[in-house]
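# Test case, fold it:
(2 chains)
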Amino acid sequence: DTEVTQTPKHLVMGMTNKKSLKCEQHMGHRAMYWYKQKAKKPPELMFVYSYEKLSINESVPSRFSPECPNSSLLNLHLHALQPEDSALYLCASSQDNRANTEAFFGQGTRLTVV
Amino acid sequence: GENVEQHPSTLSVQEGDSAVIKCTYSDSASNYFPWYKQELGKRPQLIIDIRSNVGEKKDQRIAVTLNKTAKHFSLHITETQPEDSAVYFCAATNPPSNTGKLIFGQGTTLQVKP
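I've put the predicted structure just below:
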């Protein structure tokens, strides 16, 4: 299994809503990532988890809250988002957090904030 | 920190021609350089990567070259086909931070005309 699975595929939420994005991998990878991608732009790193601990927060606003319940799961909790947060949210995983290991991306959650 | 520049931003070729996309990076300590292909509405998928101890790598119609002295690397696609049309991102990772963080170029939209 070389898949990173994200749910939901699409999400529309209001600015007062609370929602969560989910990501799962069963490749035994110990590093997991959240990226945000705007149209026609490269993915931008948001968070890195290494061995279930948060190792990087790229100065992301607190309305985005990551969680890593176990080595296979990664969540992104959303609260009080703004319309400019609308984007494709990509989860990725790699064997570990060494800088020369392949990252596998999920298919993304396309988020629209209204 | 690491900075990756990618050129050109758009590239249009006739089917059967070759396509070349170039990237430069700023941090001489970077040691892993993946290339991702992203079709419209889909996830980025790794198509080829190269590590700093190698100068060239080839996989069928795709090749990547790395010049560490000049700090640039290039993607070469030969005998292009319409299904090669996509956005291509180069990336580099910065090992001293040991985070697995990918720094992406801005992307190249490749159009292969039948």
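# Let me see the residues that make contact with the helix or strand hosting A:V12.
Taking DSSP states H and E as the definition, one finds A:V12 inside strand A:10-13. Taking contacts as CB atoms under 8 Å, 6 or more residues apart in numbering or on different chains, the residues outside strand A:10-13 that touch it are A:19, A:21, A:78, A:81, A:109-114. In short, each C-beta sits where N, CA and C put it, glycine included.
# Quick one: name whatever helix or strand follows that strand.
Downstream of strand A:10-13, the first helix or strand assigned by DSSP H and E is strand A:18-25.
# how far away is the nearest residue to B:G105 once chain neighbours are set aside from B:S26?
Ranked by CB to CB, 6 or more residues apart in numbering or on different chains and with sequence neighbours excluded, the top spatial neighbour of B:G105 is B:Q6, at 2.8 Å. Taking CB to CB, to the nearest Å as the criterion, B:Q6 is separated from B:S26 by 13 Å.
# neighbour count winner among those two?
Just comparing B:Q6 and B:S26: by other CB atoms under 10 Å in any protein chain shown the higher neighbour count belongs to B:Q6, 20 against 14.
# quick one: contacts for residue 57?
No chain specified, so I'll use chain A. Contacts of A:N57 (CB under 8 Å, 6+ apart): A:46-47, A:66.
# wrong one, chain B
The contact partners of B:K57, taken as CB under 8 Å, 6+ apart, are B:48-50, B:63-64.
# quick revisit: partner strands of the strand holding A:V12, parallel or antiparallel?
Strand A:10-13 has the following strand partners under DSSP bridges: strand A:109-113 (parallel).
# ok and the strand it pairs with relative to strand A:18-25, angle-wise?
Here the directions of strand A:109-113 and strand A:18-25 differ by 170 degrees (axes from the mean of the first three to the mean of the last three CA atoms, to 10 degrees).
# Provide the contact partners of strand A:109-113 at residue level.
Applying CB under 8 Å, 6+ apart, the set of residues contacting strand A:109-113 from outside is A:6-15, A:21, A:78, A:81-89.
# And stretch A:33-49, by the same measure?
Residues outside stretch A:33-49 that contact it (CB under 8 Å, 6+ apart): A:23, A:31-32, A:54-58, A:60, A:64, A:66, A:68, A:74, A:76, A:87-94, A:97, A:103, A:105, A:108, B:44, B:87, B:89, B:99-102, B:104-107, B:109.
# re the thing from before, list the buried residues in the strand holding A:V12.
Buried residues in strand A:10-13, defined by neighbour count with 16 or more other CB atoms under 10 Å in any protein chain shown: A:11, A:13.
# could you pull out the strands for the chain?
Using chain A here. In chain order, chain A shows strands spanning A:4-7, A:10-13, A:18-25, A:31-37, A:44-50, A:53-57, A:64-70, A:73-79, A:87-94, A:103-105, A:109-113, with DSSP state E as the criterion.
# nope, chain B please
For chain B, the strands defined by DSSP E occupy B:4-7, B:10-14, B:19-25, B:32-38, B:45-51, B:56-59, B:62-67, B:72-77, B:86-93, B:102-104, B:108-113.
# Now for chain B, the helix or strand with the poorest mean pLDDT.
When the helices and strands of chain B are scored by mean pLDDT, DSSP states H and E, strand B:102-104 comes last with a mean of 91.
# Would you point out which residue is most central in chain A?
Ranked by distance to the mean C-alpha position of chain A (CA atoms, centre = their mean), the top residue is A:W34 at 2.9 Å.
# Which strand residues bridge the residue lying closest to B:T10 once chain neighbours are set aside?
Distances taken as CB to CB, 6+ apart place B:T109 nearest to B:T10, at 4.7 Å, with adjacent residues excluded. Taking DSSP bridges, one finds B:T10, B:V87 as the beta-bridge partners of B:T109.
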